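Asker: generate a structure from the sequence data that follows.
(4 chains)
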2 protein chains.
Amino acid sequence: MTRITADVRFLRGYNQARVMALGRTARTFERSTVVEATGLTPQAVSKVVARLTADGLIRPAGVRRTGIGKPAVVYELVPDSRYAIGAHVARRTLRLVLVDLAGTVHHSAVSPLPGDFTPEQLLDALAVGIDAMTSSSDVRGRLTGVGIGMIGPLDHAHGLVRDAHGLRHWHDVPLREIAEKHLGLPVHLDKDVTAGITAEAWRHGATFGDAALIMIESGIGGGFWLGGTAHRGAHTNAGEFGHTVVDLNGPRCVCGRHGCLEIVHNQAADAGDIDRAARVVAVGVVNLLQTLDLAHVVLAGADLLRNPQAYLAAVVEAVQADARRADWLTTKVALSSLGADVIAAGAAMQVLDQHYGVPELAPA
Amino acid sequence: MTRITADVRFLRGYNQARVMALGRTARTFERSTVVEATGLTPQAVSKVVARLTADGLIRPAGVRRTGIGKPAVVYELVPDSRYAIGAHVARRTLRLVLVDLAGTVHHSAVSPLPGDFTPEQLLDALAVGIDAMTSSSDVRGRLTGVGIGMIGPLDHAHGLVRDAHGLRHWHDVPLREIAEKHLGLPVHLDKDVTAGITAEAWRHGATFGDAALIMIESGIGGGFWLGGTAHRGAHTNAGEFGHTVVDLNGPRCVCGRHGCLEIVHNQAADAGDIDRAARVVAVGVVNLLQTLDLAHVVLAGADLLRNPQAYLAAVVEAVQADARRADWLTTKVALSSLGADVIAAGAAMQVLDQHYGVPELAPA
DNA sequence: CCCTATTACGCAACGCTGTTGCTAAATTTT
DNA sequence: AAAATTTAGCAACAGCGTTGCGTAATAGGG
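Answerer: Now for the predicted structure:
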């Protein structure tokens, strides 16, 4: 648990991170933009910009002539100044991506994992894949770390896989610790869906409000971005969205309850009725909107992306039907901008976020 | 929107607030406790404690002899150093409470409101009630402000009542602004359920994790405390928990959808089957746990508190049944510790929280 | 009884943050 | 060429927590 004391160093990191967020979102920016966004004085912004420039994280990119007066220097992020590796560990596959500081995916590769793979087998696959991906020497020196997104339950704070669903060999595995030793890089472990929503948030920057990522891929899960950070819940177990009851008299689910969103959806999907399956998901999404009042909903997951338009249309329609009463209740619904890479890319961005994102103060 | 720049003044407020939170939770505390909780050095804590003592917010309350060495000074919060008024505006009644800095309710009074009351009528009732409650002169001088909790939809950021359900005369009323003028005190406006969960959080202090307040009182709503702050959503509209679908083939709800938690619950309750009604709510609560992974669930609301044990038993049972698989997935379920006063008291605590709570930095 | 070890606590100097006051540079307009 | 305007930085400053060190208050041992 990275714990930060509220001393002056916090201010440094915080304000630098806000400028970085601006650079990620806006392609180019100037000091005056930063002044407005941060509330700092121009002089303070000059100092922050000078520090970031010295670190090679941003650089001048021309000037803008405003008409009268001295032209303003335009800055931009230096995307290839830092990289991170992201890994999406699924039941049968390992997806690795290389992501730069701007959130752009440079390489993406999928490799099969042995059935019922062990931690050791995963570590080996990771090492091989990462090695191949960072062969270029300028990448290797700028690698910030490795992010791993996988199915839960797991303990994010302690980097512990508690009991990955459907995988033997994965009970209380301190994956973060052993991976850091094995790979020689900082490792960040999180639930797949949480990594996924982080990807969307990191790329959208400050304009991204409360949001959810709906993922349909061997089960239905939800990742949440609330109040400017990922929401993991009290035990890193938030997101079991597929196991919310939507049909009190519905069929029994593997979880023991009746009429879970997941079982109702799967029955429709298995029967080939994708539209009905999509409408079930749409009901769940509107439930989330009612409960959490989200500004963005992102759809993702292999099973969903096989029929993206069907799901998108159903959700959009349901959201609009529900929100028709109030013009101020707007929610943007979209397919994941990163496609099948969301989880892996998000895991990578979580690593970047730890270094260059807005620092969090000690837990209340 | 109170917006704070990340300069040194932020540190001052932040660290002071953490000490105050400790004092609220722990009755008494010493410097060494603060050192541990905040991560600050003993010297820094001395400065913070000195400032708070000078402001009269905390005071020494004896010493603790540890055995060898100079005894440690024990401090305590000064509860009656500050007060706030809380108002719970319902469809027919106005409940006012006087709350001190420790979160203790000193006075509570309910008065009827005219049918379909107007903003002016509410303001008059507020003025009269507040005057009666602050007759003592030491209270009046230490009054921090007035918090108002009421049904939505409303806009918390702008202090605007958009369209209170079931009340004509309440469309786009800038209640915060006009109330501040009318009462001559700072006013904080929020949804009833959000105020309610703030009451629980403020009283529990740092030990309070992600939580929800389930309120059953002319409708079913939910207030959320996530990541150390109230969750209001993108448009202050979070909490419409009663309008989440739990029965796809259920009866049509006033909101237009079928099988909402609220209509299903109400049908059972109206039929006199409280146990079934309670089990419906329990299903909804477990849905929340699956989605958000909460550490605390608090039950409240006039309709619920008519049969508190029935609801509590049903929810506890459902939560335990669902979490039986994992011993680490613990959620505490309880009835509101403040009974019928939760909303009003929470509204008051929101005012105190603005002054003496942990400050929030500019929105990301 | 005095001395020492131990613990609590504060004064003074310091480092680092953003802020304030003012100057310099670069450009357009007159 | 001179004035006006906008951008940007240097220098001194205020305020935060930190570091170094001295002082006060207690218990226990000789």
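
Asker: send me stretch A:144-153 as CSV with only the CA atoms.
Answerer: Below are the C-alpha coordinates for stretch A:144-153, written out as CSV (Å, rounded to 0.1, in the frame of the first residue of the first chain):
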residue,chain,number,x,y,z
THR,A,144,8.5,1.7,-16.0
GLY,A,145,7.1,-1.7,-15.0
VAL,A,146,4.6,-4.5,-15.7
GLY,A,147,0.9,-4.4,-15.1
ILE,A,148,-1.1,-7.7,-14.7
GLY,A,149,-4.9,-7.8,-15.1
MET,A,150,-6.6,-11.0,-14.3
ILE,A,151,-9.8,-12.6,-13.0
GLY,A,152,-10.4,-12.4,-9.2
PRO,A,153,-10.9,-12.8,-6.5
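
Asker: off-centre distance for stretch A:111-126?
Answerer: Here stretch A:111-126 is found 23 Å from its chain centre; the criterion is CA atoms, centre = their mean, to the nearest Å.

Asker: for the residue in the stretch 151-300 of chain A that DNA strand D sits nearest to, list the residues it contacts.
Answerer: Nearest residue of the stretch 151-300 of chain A to DNA strand D, counting by CB to the nearest atom of the strand: residue A:206, 20.2 Å away. Backbone N, C-alpha and C define where each C-beta goes, glycine included. Going by CB atoms under 8 Å, 6 or more residues apart in numbering or on different chains, residue A:206 touches A:21-22, A:25, A:37, B:364.

Asker: likewise for residue A:219?
Answerer: Counting by CB under 8 Å, 6+ apart, residue A:219 has contacts A:151, A:165, A:242, A:262.

Asker: likewise residue A:87?
Answerer: A:94-96, A:126, A:129, A:146-149, A:344, A:347.

Asker: buried stuff in stretch A:52-68?
Answerer: Buried residues in stretch A:52-68, counting neighbours by 16 or more other CB atoms under 10 Å in any protein chain shown, are found at A:52, A:57-58.

Asker: turn these into CSV, columns for distance to residue A:87, pLDDT and secondary structure.
Answerer: Listed next are these as CSV, based on distance: CB to CB, whole Å; pLDDT from 0 to 100; DSSP: H, G, I helix; E, B strand; the rest coil:
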residue, distance to residue A:87, pLDDT, secondary structure
A:52, 28, 96, helix
A:57, 24, 97, coil
A:58, 28, 97, strand
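
Asker: residue A:238: which of the residues you listed is nearest?
Answerer: residue A:57 (31.8 Å; CB to CB).

Asker: how about the closest residue to residue A:227 other than its chain neighbours, what does it touch?
Answerer: Sequence neighbours aside, residue B:227 is the residue nearest to residue A:227 in space, at 5.8 Å (criterion: CB to CB, 6 or more residues apart in numbering or on different chains). By CB under 8 Å, 6+ apart, residue B:227 lies in contact with A:226-227, A:229, A:231, B:210.

Asker: cool, residue A:313 as well?
Answerer: residue A:278.

Asker: hmm, 10 Å instead?
Answerer: Residue A:313 sits next to A:275, A:278-279, A:282, A:307, A:333 when contact means CB atoms under 10 Å, 6 or more residues apart in numbering or on different chains.

Asker: which of these has the most neighbours?
Answerer: Neighbour counts for those, by other CB atoms under 10 Å in any protein chain shown, peak at residue A:278, which reaches 25 neighbours.

Asker: hang on, that residue packs against residue A:220?
Answerer: No. Assessed by CB atoms under 10 Å, residue A:278 is found out of contact with residue A:220, at 11.9 Å.

Asker: common neighbours of those two, please.
Answerer: A:265, A:304.

Asker: re the thing from before, what subset of the contacts of residue A:219 is buried?
Answerer: So, by 16+ other CB under 10 Å, the buried ones in the contacts of residue A:219 are A:151, A:242, A:262.

Asker: what subset of those residues is also close to chain B?
Answerer: residue A:242 (CB under 10 Å from any CB of the partner chain).

Asker: just give me the closest of the buried ones among the contacts of residue A:219 to DNA strand C.
Answerer: Nearest to DNA strand C among the buried ones among the contacts of residue A:219, with distances taken as CB to the nearest atom of the strand, is residue A:151, at 39.6 Å.
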